[in-house]
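1. here are the coordinates; sequence isn't available:
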């Protein structure tokens, strides 16, 4: 997988974690979700156990995000990995918040988010082109043989000879 793909997966994992942890800790979210269930499942142990499950899943999603993010930084530049991860996380968290929790998103927000996504696309494309050109340059560059006179032992003996 490429660094950009791993950054996108990291952003999706982070967005999932934020939704799961909101479900775990928001006092209104869980009762709203389970309001259509029979009364014996709406309160008490069922609600508490579902919050614990959401919390554990949120922690696992965060662990996945950290794993994908660390791998993406190894495969691409730190800047592109951070920008792509943060942008995907921002956008997906807002869309999931709108879809699941009914959070309001203005037209201005949608316009700004669209510009962020265009910027992420340009950064990802530019990073891929830079990686390809760097690989091509490394393949065509002549290999330099190490100079035996530059070893530390050789330099030390040259200094001793120069002193005497």
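-> Looks like it came in fine. Quick caveat, the model's predicted, so the values are computed rather than measured.
2. Can you give me the separation between residue 28 and residue 15?
-> Distance of residue 28 to residue 15, computed by Cβ to Cβ, to the nearest Å: 20 Å. C-beta here means a position set from N, CA and C on the backbone, and glycine is covered the same way.
3. What average pLDDT does stretch 120-132 get?
-> Stretch 120-132 shows an average pLDDT of 69 in the prediction.
4. Kindly report the same for stretch 62-75.
-> Mean predicted confidence for stretch 62-75 is 93.
5. what's in contact with it?
-> 1-7, 9-11, 13-14, 17, 81-82, 84-85 (Cβ atoms under 8 Å, 6 or more residues apart in numbering).
6. Residue 84: neighbouring residues, count only.
-> The number of residues packed near residue 84 is 27, by other Cβ atoms under 10 Å.
7. ok, back up a step: among the contacts of stretch 62-75, which ones are buried?
-> 3-7, 9-11, 13-14, 17, 81-82, 84-85 (16 or more other Cβ atoms under 10 Å).
8. Filter these down to the ones in strands?
-> The strands, defined by DSSP state E, take in nothing from the buried ones among the contacts of stretch 62-75.
9. between those residues, which is nearest residue 54?
-> Among the buried ones among the contacts of stretch 62-75, residue 17 lies closest to residue 54 (Cβ to Cβ), at 10.3 Å.
10. dump the residue contacts of the closest one.
-> 58, 59, 61, 62, 65 are the contacts of residue 17 under Cβ under 8 Å, 6+ apart.
11. try 10 Å
-> Residues near residue 17 by Cβ atoms under 10 Å, 6 or more residues apart in numbering: 57, 58, 59, 60, 61, 62, 63, 64, 65, 66, 89, 93.
12. residues near the fourth one, how many?
-> The burial metric for residue 60, expressed as a neighbour count using other Cβ under 10 Å, is 14.
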